[in-house]
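>>> Structural data only, the sequence is not supplied:
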C-alpha cells in the first residue's frame, strides 16, 4: 500500500493487525483507529516538508521561539540532538519502506538545515501522539462513541 491517497480507513486494518489482544475488543479497535488517524496526520506533515524541500522553501521555515512554552505531554524535550536523531531515524525508516513511494526516492530529510530540522520536528511533535496519548484519545473517543469502525 502506498502512502499517497491513503486515509485512516485504509491504514486501520494494518494497525489493528499489529495490535496485541482480542481484535474484536472495542478498546483495541478504538486504539487502532486513533493510531491510523495519527499516522495520516504525521504523513501530512512529512509530505508538506518534503514539498518544501523540493521547492527550496524549507529553510524559510524557522523554529517557533515560543514553542517550548506549550505543553507537549510526556514527549522528550526538543533539542538539536533529538531533532537530528529524529531525522536520522525517519530517513532510515523511509529507506526500509521505499517500496511505498510509487517508484520515487525517499524524502531524505537529512537535507534540512539544523534550524529546519528543529522546525520540522516541532511540527511533528504537535501531531504525533505517544502510546499513552493514543490510549487516552481512544478511551475518550470510545466513550463519546466517535469511532467509525465501531459504528457498523
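Yep, that arrived. Quick caveat, the model's predicted, so the values are computed rather than measured.

>>> make it CA atoms for all contacts and neighbour counts henceforth
Fine.

>>> Mind listing what's buried along stretch 32-50?
By 16 or more other C-alpha atoms under 10 Å, the buried positions in stretch 32-50 come out as 32-46, 49-50.

>>> Mark which of those are part of strands, please.
Filtering the buried residues of stretch 32-50 for membership in strands, criterion DSSP state E, returns an empty set.

>>> so residue 62 is in which element?
Residue 62 is part of no helix or strand when elements are defined by DSSP states H and E.

>>> surely it meets residue 119?
Yes - between residue 62 and residue 119 there is a contact at 5.7 Å, judged by C-alpha atoms under 8 Å.

>>> More neighbours: these two, which one.
Comparing residue 62 with residue 119 by neighbour count (other C-alpha atoms under 10 Å), the higher total belongs to residue 119, at 23 against 15.

>>> give the contact list for that one.
61, 62, 63, 64 (C-alpha atoms under 8 Å, 6 or more residues apart in numbering).

>>> quick one: contacts for the third one?
Okay, so that is residue 63. If you count contacts by C-alpha under 8 Å, 6+ apart, residue 63 has them with 115, 116, 118, 119, 120, 122.

>>> what about 7 Å?
The contact partners of residue 63, by C-alpha atoms under 7 Å, 6 or more residues apart in numbering, come to 115, 118, 119.

>>> Any stretches of the chain with poor pLDDT?
When the per-residue scores of the chain are filtered using pLDDT under 70, the ranges that remain are 1-4, 99-104, 151-152.

>>> Quick one: residues contacting the residue most central in space within it.
Within the chain, the residue whose C-alpha comes closest to the C-alpha centroid is residue 42; the distance, by C-alpha atoms, centre = their mean, is 2.8 Å. When contacts are counted by C-alpha under 7 Å, 6+ apart, residue 42 is found next to 124, 127, 128.

>>> Repeat that for residue 38.
residue 128.

>>> ok, now the one 3 residues further on?
Contacts for residue 41 (C-alpha under 7 Å, 6+ apart) come out as residue 127.

>>> hang on, the earlier thing: and the contacts of residue 63 as TSV, adding secondary structure and distance to residue 74?
What follows is these, written out as TSV (DSSP: H, G, I helix; E, B strand; the rest coil; distance: C-alpha to C-alpha, whole Å):
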residue	secondary structure	distance to residue 74
115	helix	23
118	helix	18
119	helix	19
